[in-house]
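**Student:** have a look at this fold, sequence not included:
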């Protein structure tokens, strides 16, 4: 039996628990990174999974260090609820060994307290090839289409923090 046949049907797969980060600098611009593993320009906010026994806020701060190499930020807001997205079927069969249909995420807004020199996307397990600051409202235009609705909701929830 092939690996694909052992996976539960797409519709029956659970969502992977995760977090997302909207890192805002002193000018109210948001951090975005260009994914290493996605063809074409694929920019996104840092995000990642929640480890067993870990609280979402702990995961957010851990992911900040793992993905952009800094701990110079403080949480200033948390999404009201969890927001889910579905991976396209062809990606779901490959991502996370086909165990999940997508992610269910708690989102956090963080104020960056460091300088640009404190950011290093060349981490031990890099996810981004480059990064930049940009207006929060523009980020959904750069995201892969299957995450665009999620990003639009996140931006709407946190846009009042930009000032």
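**Tutor:** Yes, it's here. As the structure is a computational prediction, the values presented were derived from the model and not from experiment. Numbering: from 1, shown residues only.
**Student:** what confidence value was assigned to the residue most central in space within the chain?
**Tutor:** For the chain, residue 47 is the residue whose C-alpha lies nearest the centre (C-alpha atoms, centre = their mean; 2.5 Å). Note on residue 47: pLDDT of 96.
**Student:** not counting its neighbours along the chain, what's nearest residue 152?
**Tutor:** residue 140 (4.8 Å; C-beta to C-beta, 6 or more residues apart in numbering). The way it works is simple: take the backbone N, C-alpha and C, and place the C-beta from them, glycine included.
**Student:** now the strands for this protein?
**Tutor:** For the chain, the strands defined by DSSP state E occupy 15-24, 29-35, 43-44, 47-49, 73-78, 83-86, 102-112, 128-135.
**Student:** separation between the residue nearest to the centre of the chain and residue 9?
**Tutor:** The gap separating residue 47 from residue 9 is 26 Å, by C-beta to C-beta, to the nearest Å.
**Student:** got it, and residue 66?
**Tutor:** 32 Å.
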